[in-house]
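# Quick one, what's the 3D model for this:
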Amino acid sequence: MYHAVARRPAPSAYALSVSPEAFADQMELLHGSGFTPVTTARLAAAWRAGEPLPRRPVLITFDDGYEGVHRYALPVLASYSFAATLFVSTGWLRGPYDVGGAPDTMLDWDQVRELARAGTEIGGHSHTHPQLDQLDGARLGFEAGRCRELLAAELGAAPASFAYPYGYSSRRVRRAVRAAGFAQALAVGNARACRCQGPYALERLTVRRATGIEEFARLVEGRRLGLGVARDRALTKGYAVVRRVRRTATVARTAITATTGRG
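Purely as a prediction, here's the structure:
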């Protein structure tokens, strides 16, 4: 899982960015090691049907929709004929639906269309990039539905795949994403994806600024993970517990307020 690919990203995007040079080195390693990148849609379809995947399959995914994916990542991917999936928050893309609040320079719609024409799968990442598990039902449905609606209108085909903003999901969020029409969805988890996770909770490993080429090699080879990934995984599990408690408290406060109001 990538985010920004940039030499000088905004401070808020720095930790989850990679330099263009690091990205090129990582793709060279995948190519030299015989990996075959596939899109999220292809992986999910193969697992559903029980069909074989190519030798050493790997997902290359980008979240949010940073402009550097077009400027820096696309030429490298094209040089190896690598497939990838880009998950965009439609309200952050530059253009008529921009609602503001993006952390850095984002793609515009022409660039998204160019990525799609180059073979990149374009998936949904909500409209305004909220913490979906903290939203009420109406807002949750809007975020998933509006994102899919805009991508279908602008690209000429409805997206099949979704990635949860911040990696946060719950059973309620997964149901809403499925109801919006998405066929599969990715979380974070900081673990390798496997079929047993189910199509709406596939996990990924985070590649960040501090991920050196040796650690990257361990990630893709499935060897013993470094301390950074182990820490990310522990934090992911901890955040999940905190967020369930927070959501339960929010629902309880809403119920008390409603009851008090009726009284």
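
# Please count neighbours and contacts with C-alpha atoms only from this point.
OK.

# which residue ranges form the helices in the stretch 101-250 of the chain?
Taking DSSP state H, counting those that start in this stretch as the criterion, the stretch 101-250 of the chain carries its helices at 109-117, 137-155, 171-179, 213-221, 227-262.

# which one of these has the lowest average pLDDT?
Mean pLDDT per stretch puts helix 227-262 lowest among the helices of the stretch 101-250 of the chain, at a mean of 45.

# And the strands in the stretch 1-150 of the chain, which stretches?
With strands called from DSSP state E, counting those that start in this stretch, the stretch 1-150 of the chain shows them at 4-5, 17-18, 36-38, 57-59, 61-64, 85-88, 121-124.

# so can I have JSON lines of the ones you listed showing mean neighbour count?
As requested, these are exported to JSON lines (neighbours: other CA atoms under 10 Å):
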{"stretch": "strand 4-5", "mean neighbour count": "30"}
{"stretch": "strand 17-18", "mean neighbour count": "26"}
{"stretch": "strand 36-38", "mean neighbour count": "22"}
{"stretch": "strand 57-59", "mean neighbour count": "19"}
{"stretch": "strand 61-64", "mean neighbour count": "24"}
{"stretch": "strand 85-88", "mean neighbour count": "27"}
{"stretch": "strand 121-124", "mean neighbour count": "28"}
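
# of all the ones you listed, which lies closest to residue 160?
Among the strands of the stretch 1-150 of the chain, the nearest to residue 160 by CA to CA is strand 121-124 (6.6 Å).

# re earlier: how about CSV for the strands of the stretch 1-150 of the chain, with mean pLDDT added?
Output for these, formatted as CSV (pLDDT from 0 to 100):
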stretch, mean pLDDT
strand 4-5, 98
strand 17-18, 98
strand 36-38, 98
strand 57-59, 97
strand 61-64, 98
strand 85-88, 98
strand 121-124, 98
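
# can you tell me which of these comes nearest to residue 28?
strand 36-38 (12.0 Å).

# Show the contacting residues for residue 170.
residue 133 (CA atoms under 8 Å, 6 or more residues apart in numbering).

# how much space between residue 49 and residue 42?
11 Å (CA to CA, to the nearest Å).

# Those two: which is more packed in?
residue 42 (13 against 8; other CA atoms under 10 Å).

# Next, count neighbours for the residue nearest to residue 180 when sequence neighbours are not counted.
Nearest residue to residue 180, sequence neighbours excluded (CA to CA, 6 or more residues apart in numbering): residue 145, at 5.2 Å. For residue 145, the neighbour count with other CA under 10 Å is 20.
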